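sequence unknown, structure follows:
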């Protein structure tokens, strides 16, 4: 093992490489403090077993893992924000059998030049590794959530009724973007909006809120009048759970017509919600608004009747002021007076599509007996049988438990109303839609089906091919028992029957996995599966076994069962109608009425979010209960869908994850034009100005696009690569001037949701594709509109994180001219050893494609030896070579298993403006999406004293034949009769190989319009 530790202003970056060992489970990192080794990683840092590719039907080489990694090893990284230049570290390797070995001490050295990924100093936590687990980013990495059965976190950015045209109209208007990460009732104040630059003169009636291209009902602090510093909006927001993002974006605009408001009538029988916390009110920014206030006569201020004032106050929680009389605004104190005769029920929410499951099996557990619980073998008792993948929407798949009867709670005057109803029915039996009678309440249940899901995301499994699903998983199960806790608040333990435990595991290595499962020390059964399968199993758990709090699930692997990961665990059980932390989400039949207790404050709201876009809001009847407060949920109108979803809360309104100003954009217009298109972030835009000016001076039409505008118009505000592709497809098909070259100026990451806690570095996302042997980045996918694996427009990636990096890279590009660099080449070949392919012979064929009189330096590791080869490579770079090619084995940050050249060597090059174009024919040198290790290709671009002007390398694992077919075509194009832009040459050269992985995973780092001769 080789290792180093580099001290930066932000902490210490620890990197190490080791030989490939299929039995290596992972590593631990220790910092020496006062003579004691202190472990600084929370979870084991997964090793070779997590990155090894499995056999793939598309490959005729079953031992691909050994072929790829046994020759070049693998590299790992970790960042310690608490480390200093005096820190000493120890690295411990752990086998799958949990045998540990501590390696030599590593002393930190100060960084003299940037040699690795940059981490902002202000980031509080950045403990993770290139391959694996997070540090203290508990909010993202360790996740437990609960919801009424059948209503999990939303997994769609928009509904079937949404249209992108509607979203284009929204994105074209100035407004506020509100980021929501979890379901809840949210408040945004006018001072908060003004702080980000949104301060229009607008009638409060005309505020409109949108998400997914559709309008969302809101509540406002006043019914009409100018939206001022004392005002706010409230709404029910939903989170999002997709691989690229956990943020749903809501857009608030000042429209020309009234917006949608929450359903329900104002009540006067409960206390008002608390007023918003005082905020510092910044100086309002000038904000031009095309919206005019209604032209009706100025409202006359007059005393408001007491009952109306109280109704408004209890609903809004605003300040004690007299309300002006506004035309067309009517406040009603009588909740029945506003009911329309033919009121239609809200539309049913969109169906929840379950994630695809590989396998499912239910194991029934008989009731507890004197001897404890036991599970007969499937063959003996028939307790194992196959079922379809579970969806909570199917009543047949719900756990079988029976709730005990409970005391029926009747609303006020219900006895009189029931009497009137009976009397009415003696006379006539009208159709329900024309009846003013109150429906008879069904008996109140004592609980409702509730699901708790525990889903950690701390391990990245790059060797797994699973489509668009994410490759992050939870706890490791290997050789010794592992435990997982899950919290079940307020179970109705008196219910008979069974709750349901749902478990999904993920296999890591190609062996038969077998693990037994316990719930609170009671054996439920076992799971058996093979290789990279990800099975789901269901177990019945007696409700009496549930704890009001934490429950422990124990996984005990059989001997030789390999390594597994926990994808998630879920428990669906009968939960009592009792609030937790002053809030509860629950489901109820439309005709049922009941009490929900457990509130600490009488200022409670009841929100019907069956239709999240059109919620119903009431302040229910509240009474004291057991030292706190309880609310009464009244019966509603019978509906075609039995379930209604409620959110009851007495807690202060939630605050959004972020609030920002929407910059109006119109990227969809066909009048747009750009021959040179840059997609970047607002933080890097200024540093790209020299590149824009240089290309404009060459006669190109340049457009610099903020990727946030791309998300706004083509992704409904959601971060992800699909929005980028959809934007580029429209530009390529409809713009008046279509792009000829595209630059992605910003880093990307395989961790877009920041599970691993290094920071948000997925600035301009790439697409993670399933290649034959691993999941990896494909920039070509973003501009591949005919699905042949090749971008239809030449593209280039500038993997920038900071403005300082951008200044270095852009400066090298704009100051580069072919005349500065001698037209010479250096061809480096790895030793063949016992490998079937000769890299020296491949370079012989490369040299034959170069001009006859071109000076060529050959470096052959097999004949020169590793030491001399390293010296010759560094000297060749520093002398200035127009073209440098490496052919052989490699890894993310190294050439050859002999490690003759590393990223640290690349960033230390001193060839000044005699910059090289580096072509690499090996594996993983283009693996730029790792958040911690700096790939060799990035090192060439970011070297401050020289290095390369561009690099062309792979993010994946491929075999030499497909690489060679592409590379020989590329050399013939570059040194053909006429000079050619590198992006154009690469686009053509990729068509010369039939290896789809070579086409998709070879990434060009640099400006695709640049020429080297």
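Cool, the structure landed. Note that the coordinates shown come from a computational prediction; the quantities given were computed from them, not determined experimentally.

Can you tell me how far residue 897 is from residue 469?
Per Cβ to Cβ, to the nearest Å, residue 897 is found 33 Å from residue 469. No exception for glycine: its C-beta is placed from N, CA and C like everyone else's.

buried sites along the strand ranked longest in the chain?
Looking across the chain with DSSP state E, the single longest strand is strand 563-576. Buried residues in strand 563-576, counted by 16 or more other Cβ atoms under 10 Å: 563-576.

again with stretch 595-606
595, 596, 597, 598, 599, 601, 602, 603, 604, 605, 606.

re earlier: and residue 897 and residue 469? which has more neighbours close in?
residue 897 (22 against 13; other Cβ atoms under 10 Å).

Now that one: which helix or strand?
Following DSSP states H and E, there is no helix or strand that holds residue 897.

can you tell me how far it sits from residue 835?
Distance of residue 897 to residue 835, computed by Cβ to Cβ: 10 Å.

Same list (the buried residues of stretch 595-606) but as a markdown table, adding pLDDT, secondary structure and distance to residue 91.
Formatted as a markdown table, these follow (pLDDT from 0 to 100; DSSP: H, G, I helix; E, B strand; the rest coil; distance: Cβ to Cβ, whole Å):
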| residue | pLDDT | secondary structure | distance to residue 91 |
| --- | --- | --- | --- |
| 595 | 91 | strand | 58 |
| 596 | 94 | strand | 53 |
| 597 | 94 | strand | 54 |
| 598 | 95 | strand | 49 |
| 599 | 95 | strand | 52 |
| 601 | 93 | coil | 52 |
| 602 | 92 | coil | 58 |
| 603 | 89 | coil | 55 |
| 604 | 90 | coil | 54 |
| 605 | 90 | strand | 54 |
| 606 | 92 | strand | 56 |
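
Can you tell me which of these is nearest residue 446?
Nearest to residue 446 among those is residue 595, at 10.5 Å by Cβ to Cβ.

so who does the closest one touch?
409, 444, 577, 625, 630, 631, 632, 633 (Cβ atoms under 8 Å, 6 or more residues apart in numbering).

what about 7 Å?
Neighbouring residues of residue 595 by Cβ atoms under 7 Å, 6 or more residues apart in numbering: 409, 577, 630, 631, 632.

Neighbour-wise, give me the winner out of those residues.
Neighbour max across the contacts of residue 595 (other Cβ under 10 Å) = residue 631, 28 neighbours.

How about that residue: what's its closest non-neighbour residue?
Leaving aside its chain neighbours, residue 631 sits nearest to residue 620 (4.4 Å; criterion: Cβ to Cβ, 6 or more residues apart in numbering).

now swap in residue 932 and tell me
residue 77 (3.8 Å).

where's the one you found, which helix or strand?
Going by DSSP H and E, residue 77 is in strand 74-80.

Kindly report the same for residue 159.
Going by DSSP H and E, residue 159 is not part of any helix or strand.

pLDDT score for it?
Residue 159 is assigned a predicted lDDT (pLDDT) of 75.

Report all helices and strands that the following helix or strand past the longest strand of the chain contacts.
Using DSSP H and E, the helix or strand that follows strand 563-576 towards the C-terminus is strand 583-589. Under the contact criterion of 3 or more Cβ pairs under 7 Å, 6 or more residues apart in numbering; DSSP states H and E, strand 583-589 touches strand 142-148, strand 447-456, strand 643-649.

circling back to that earlier point, and of the contacts of residue 595, the nearest to residue 861?
So of those, ranked by how close each gets to residue 861 (Cβ to Cβ), first place is residue 577, at 71.8 Å.

ok, the closest residue to the closest one other than its chain neighbours - contacts?
Nearest non-adjacent residue to residue 577, counting by Cβ to Cβ, 6+ apart: residue 596, 4.6 Å away. Contacts for residue 596 (Cβ under 7 Å, 6+ apart) come out as 577, 578, 579, 584, 630, 631, 633, 648.

which residues does the nearest residue to residue 597 once chain neighbours are set aside bridge with?
Among residues not flanking residue 597 along the chain, residue 630 sits closest, at 3.7 Å (Cβ to Cβ, 6+ apart). Beta-bridge pairing for residue 630 (DSSP bridges): residue 623.

wait, residue 630 sits on residue 623?
Yes. If you go by Cβ atoms under 7 Å, residue 630 and residue 623 touch, sitting 5.9 Å apart.

list residues touching both of these two?
What both residue 630 and residue 623 touch, as defined by Cβ under 7 Å, 6+ apart, is an empty set.

what's the closest non-adjacent residue to residue 196?
residue 661 (4.6 Å).

give me every residue that touches the one you found.
176, 196, 197, 198.

now do 8 Å
Neighbour list for residue 661: 174, 175, 176, 177, 196, 197, 198 [criterion: Cβ under 8 Å, 6+ apart].

So which of those residues sit within strands?
Counting by DSSP E, the contacts of residue 661 contribute 175, 176, 177 to strands.

Pretty sure residue 250 is one of the things the first one touches, is it not?
No. Between residue 175 and residue 250 there is no contact, the gap being 9.7 Å when judged by Cβ atoms under 8 Å.

how much space between the closest residue to residue 851 other than its chain neighbours and residue 825?
Closest residue in space to residue 851, ignoring its immediate chain neighbours: residue 975 at 5.5 Å, by Cβ to Cβ, 6+ apart. Separation of residue 975 from residue 825 (Cβ to Cβ) stands at 10 Å.

which residues do these two both contact?
In contact with both residue 975 and residue 825: 850, 854, using Cβ under 8 Å, 6+ apart.

With neighbour numbers in mind, choose between the two.
Looking at residue 975 and residue 825 with other Cβ under 10 Å, you find the greater number of neighbours at residue 825, namely 25 against 20.

quick one: contacts for that one?
By Cβ under 8 Å, 6+ apart, the neighbours of residue 825 are 847, 850, 854, 855, 856, 857, 881, 882, 883, 884, 885.

try residue 762
Residue 762 neighbours (Cβ under 8 Å, 6+ apart): 244, 719, 747, 748, 749, 751, 752.

Going by distance to residue 613, which of the residues you listed wins?
Looking across the contacts of residue 762 and measuring by Cβ to Cβ, the closest to residue 613 is residue 719, at 21.9 Å.
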